[in-house]
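1. Predicted model and sequence follow; I will ask about them next.
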Amino acid sequence: MKKLTTVAIALTLAAGAVFWAFTDGLLAVGDPTVAIAGEQRLALIRTSTASESRHTPVAQRLFGVSTGVLPSSQSAEHPRASFAIAPERELSVAGSSFAVRGSGGNFAPVAPPLAGSPPAISGWGQNRLPELIFTPTPAQLEFVLTDTAERKTHRLTLEQAQAFVLQPNTLYDVRVLARYNGARYTGTVNFGYTITTNALAVDFMISGDTTDLGEALVLRVRNLPNGAQVTVETSLPDNPVFFLDGQGGAVALLPVSIHTTTGEHFVELKAAGTSARFPVRVLATEFVVQRFDIDQSTANRTVNSAAANAQYREMIHPLRLVSDPVRHWQGRFGYPVTPGEGRITTPFAVIRFVNGVGPSRHAAIDIALPQGTPVYAPASGRVLFAGYLQLTGNTIAIEHGLGLKTWYYHLVSLDVQTGDMVERDQRIGAVGTTGFSTGPHLHYGMSVFGVFINPDTATNTDIFNWS
């Protein structure tokens, strides 16, 4: 028995022909610029006999460079493989321009040269790895990526590699192991290359140039250099808090308070020595005026009570500043009660007079329902508070990530505890009439940090899914 020692992986020979090859190639990528210099090591053992075919095609198509075939009649001790080089050409992958070049190394070009359309080069999306197209298809692919600056290594499956986001201004060493274990071939293809990503231009985005009162704008910064901070100047009354998005950028929710002056405003984003200024028009919104009377004794022990208000400020106000740096939810929010049940008695942000005193603002919606009706989490999140308060009765607050919270007041019972992680549609409590309440109903609110916004918007639209 002999061993192949001239390739990256030593394999014990089995009966049949053996093919091995070594090639060098260069893949240069346009904007965003990525230079890929690579080497391909193939160590495949053909398990069928040499007499089956004069030529054994085991070539791989990698980055538009096709390796050739080894005539079965050649000796495994002195292998000579034909090698075909794709001509230099421009390709387009995920919006980037790729210039493909190849080197013949120790191999003679195949005659005649490659004809027809060049091999396809595909990609897995913006700032993603290029796709390797193996022929024949391996039984398993493993990607080993090393960030050479941070000396951090990622071992990825094919699915994980497809989702991996390349960071700008970074040098990666990549090894791809294609394992074969079939009737025709057994062994491993070890393909190695490096990717150098340039510092891409910082890109600023805003979800819209007009907004109603009580809504939220989404701000995004893409291609953010490592360690760079995003700063904001705005004429709106509140400043957003940015969070890293795990894709080489940052994201923030900018709430537009119901107390914002309508008309023309601006938002200016700055990062890494560049900036973008966006105009924002806040539209005039007409809110409902509501007048009702409540038993004076109820008002005195709740909304008019200094002790009740002090307790609320002490327990709830600090929670408004809490945020989780990850987004726990995906897509649209659900509804906190079964759709079709109950009726909205108080729309969002009504102007309210109680017992002839006012005006005050009700920055939530009230849904009238029978006592005991189940209340559900509209999205995944972390329970910041679950307990009784004199002002709002049995109360729950959930942080959904990035400072986005939902609030539930006047419940008759609680099914979660502070610190619990909850999933969408999980029961969290039941409708009641505790605290400052005129009858069984759910007070359902939503806020970005301490600014309350219309919760119906997150139910009707995916606030993060915009062009």
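-> Sure, I can see it.
2. For residue 314, grab phi and psi.
-> Here is the backbone geometry of residue 314 (degrees, to the nearest 10): phi -70, psi -40.
3. any chance you could map the strands in the stretch 251-400 of the chain?
-> Here the stretch 251-400 of the chain has its strands, by DSSP state E, counting those that start in this stretch, at 263-271, 274-283, 289-292, 343-346, 350-354, 357-362, 365-368, 374-376, 381-389, 393-399.
4. Just the buried positions in the first one, please.
-> So the one you mean is strand 263-271. By neighbour count on 16 or more other C-beta atoms under 10 Å, the buried set for strand 263-271 is 265, 267, 269-271. Where you see a C-beta, it was placed from the backbone N, CA and C, and this is true even at glycine.
5. any idea which of those residues is closest to residue 223?
-> residue 271 (9.4 Å; C-beta to C-beta).
6. give me every residue that touches that closest one.
-> Listed by C-beta atoms under 8 Å, 6 or more residues apart in numbering, the contact partners of residue 271 are 202, 204, 221, 224, 228-231, 250.
7. repeat that with 10 Å
-> When contacts are counted by C-beta atoms under 10 Å, 6 or more residues apart in numbering, residue 271 touches 202-204, 221, 223-225, 228-232, 242, 249-250.
8. Tell me which of the residues you listed fall in helices.
-> The helices, defined by DSSP state H, take in nothing from the contacts of residue 271.
9. Spatially, which residue comes closest to residue 396, not counting chain neighbours?
-> residue 408 (4.3 Å; C-beta to C-beta, 6 or more residues apart in numbering).
10. Please tell me the pLDDT value assigned to the one you found.
-> You'll see residue 408 listed with a pLDDT of 98.
11. Tell me if I'm right that residue 412 and residue 393 touch.
-> Yes - counting by C-beta atoms under 10 Å, residue 393 is a contact partner of residue 412 at 8.4 Å.
12. Compare these two (neighbour count), which wins?
-> More crowded of residue 412 and residue 393, by other C-beta atoms under 10 Å: residue 393, with 20 against 17.
13. re earlier: of the contacts of residue 271, buried ones?
-> Buried members of the contacts of residue 271, counted by 16+ other C-beta under 10 Å: 202, 204, 221, 223-225, 230, 232, 242, 249-250.
14. and which of the residues you listed is nearest to residue 341?
-> The closest of the buried ones among the contacts of residue 271 to residue 341 turns out to be residue 242 (C-beta to C-beta; 38.1 Å).
15. Identify the contacts common to residue 412 and residue 393.
-> Common neighbours of residue 412 and residue 393 (criterion: C-beta under 10 Å, 6+ apart): 432-434.
16. Go through these and name the one nearest residue 442.
-> Closest to residue 442, out of all of the shared contacts of residue 412 and residue 393 and judged by C-beta to C-beta, is residue 432, at 8.7 Å.
17. how far away is the closest residue to residue 346 other than its chain neighbours from residue 173?
-> Among residues not flanking residue 346 along the chain, residue 366 sits closest, at 3.7 Å (C-beta to C-beta, 6+ apart). The gap separating residue 366 from residue 173 is 59 Å, by C-beta to C-beta, to the nearest Å.
18. more crowded one of those two?
-> Neighbours were counted for residue 366 and for residue 173 using other C-beta under 10 Å; residue 366 has more, 25 against 14.
19. In contact with the nearest residue to residue 332 once chain neighbours are set aside, which residues?
-> What sits nearest to residue 332 in space, not counting adjacent residues and going by C-beta to C-beta, 6+ apart, is residue 462, at 4.9 Å. Shown in contact with residue 462 (C-beta under 10 Å, 6+ apart): 329-333.
20. hey, what's residue 252 bridged with?
-> Taking DSSP bridges as the rule, residue 252 bridges to residue 219.
21. ok, it touching residue 204?
-> No - between residue 252 and residue 204 there is no contact under C-beta under 10 Å: 11.3 Å.
22. Identify the contacts common to those two.
-> Residues touching both residue 252 and residue 204 (C-beta under 10 Å, 6+ apart) are 219-221, 230, 269.
23. follow-up on the earlier one: so which of the strands of the stretch 251-400 of the chain is nearest residue 419?
-> Comparing the strands of the stretch 251-400 of the chain by C-beta to C-beta, strand 381-389 comes nearest, at 6.2 Å.
24. just to revisit the earlier point, where's the residue nearest to residue 396, which helix or strand?
-> Element membership for residue 408, per DSSP states H and E: strand 404-411.
25. Tally up the residues packed near residue 214, please.
-> Residue 214: 25 surrounding residues under other C-beta under 10 Å.
26. Got phi/psi on it?
-> According to degrees, to the nearest 10, residue 214 has phi 80, psi 20.
27. State the distance from it to residue 283.
-> 11 Å.
28. shared neighbours of those two, anything?
-> With contacts taken as C-beta under 10 Å, 6+ apart, the residues that reach both residue 214 and residue 283 are residue 256.
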